[in-house]
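Q: 3D, please:
(one chain, ligands or ions: 1)
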Amino acid sequence: MTIGEEMNHRTRLHSYLNRSNESSSNVLIMTAVQAEKEAILRGIQHDPKFEVQLTGVGPVAAATATAKALSKKDYSLVINAGIAGGFPGQAQVESIVLATEIVSGDLGAETPTGFSSLDELGFGTNKLQVDHELMIRISEVLQLAELPVHIGPIVTVSTVTGSAQATEEMANRVPGVVAEGMEGYGVAYAAHENEVPVIEIRSISNLVGPRNRDAWRIKEALGQLEQACSSLVGVLT
Ligand SMILES: O=C(O)c1cccc(C(=O)CC[C@H]2O[C@@H](n3cnc4c(=O)[nH]cnc43)[C@H](O)[C@@H]2O)c1
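A: Have a look, this model is predicted:
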């Protein structure tokens with residue numbers, strides 16, 4: 001991000017924070033599926049400052065839905081929220097993760113010597129920045145609420161990682177990666193194109209690794225997502 005773009009982001013965020021008495025919503029929360037949307041709405045207690053919209057599953061649907069929402073109305077902040085897979089040893093089931101950067105995990109090329117990212121290929125970037133200051137403030141508030149929080153890169157994938165080998169490869173590809181979702185990079189790409197600050201917050205429903213859908217703790221993760229969103233209200237109003 002250029003210094004000019006960074007200042008534009010900050011101006012929008014600060015203008016949001018200074019407009020706490022306005023009744024219109026100016027925080028856009030994008031989430032993949034209806035059950036996540038309902039958990040988020042319970043958490044924010046339908047506060048009118050927040051608008052929650054569905055993306056559908058995957059980065060393309062997420063970018064399209066976010067770009068459409070941003071073309072219709074001005075928002076000061078975009079949040080990608082939902083459930084996610086946690087990387088073993090980094091984020092346990094039912095914890096909350098906040099992205100320090102939003103990384104496309106699979107946008108690039110496979111080569112005989114391994115994966116080459118978009119950055120390495122010279123076609124753009126796999127890594128999109130979040131509003132770091134806001135992310136830190138949120139993590140502090142979540143910790144005060146005694147929610148288990150981990151911060152680190154969150155990867156976006158088009159195919160859920162489903163083997164031990166692929167999990168290890170992704171952890172090596174993105175050092176410190178805490179979690180994996182399917183929409184963050186798409187939401188963040190649209191937000192960046194519109195010069196709106198973005199953050200990603202997710203609750204962990206399962207560990208990344210050999211696929212075992214029966215072990216996903218969706219109900220519990222949705223409960224934690226609700227708790228996290230309830231804390232967001234305090235930070236953003
Ligand atoms: O079946 C249900 O009741 C149900 C309720 C809420 C959400 C779901 C989903 O399947 C959400 C899919 C959504 O979750 C993210 N996700 C979760 N775990 C992973 C993972 O291990 N790797 C990648 N993505 C994950 C993802 O963002 C999906 O869009 C079902």
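Q: find the nearest non-adjacent residue to residue 211, please.
A: Leaving aside its chain neighbours, residue 211 sits nearest to residue 162 (3.9 Å; criterion: C-beta to C-beta, 6 or more residues apart in numbering). (Each C-beta comes from the backbone N, C-alpha and C, glycine too.)
Q: what helix or strand does whichever residue of the chain sits closest to the ligand sit in?
A: Per C-beta to the nearest ligand atom, residue 85 is where the chain lies closest to the ligand, at 2.2 Å. If you go by DSSP states H and E, residue 85 is part of strand 77-86.
Q: ditto for residue 154
A: strand 149-156.
Q: then residue 227?
A: Counting by DSSP H and E, the element that carries residue 227 is helix 218-236.
Q: most remote residue from this protein's center?
A: Distance from the C-alpha centroid of the chain peaks at residue 112, with 31.5 Å (C-alpha atoms, centre = their mean).
Q: what residues does this protein put near the ligand?
A: Counting by C-beta under 6 Å from any ligand atom, the chain comes close to the ligand at 32-33, 35-36, 57, 82-85, 157, 160, 180-183, 205-206, 208, 218.
Q: again, only using 8 Å
A: Contact residues (C-beta under 8 Å from any ligand atom) of the chain with the ligand: 32-36, 57-58, 82-86, 156-157, 160-161, 180-184, 202, 204-208, 216, 218-219, 221-222.
Q: can you say which of these are buried?
A: Among the residues of the chain next to the ligand, those classed as buried by 16 or more other C-beta atoms under 10 Å are 32, 36, 57-58, 82-86, 156-157, 161, 180-184, 202, 204-208, 216, 221-222.
Q: hmm, back to that, close enough to count as contact, the residue of the chain closest to the ligand and residue 210?
A: No: taking contacts as C-beta atoms under 8 Å, residue 85 lies outside contact range of residue 210: 11.6 Å.
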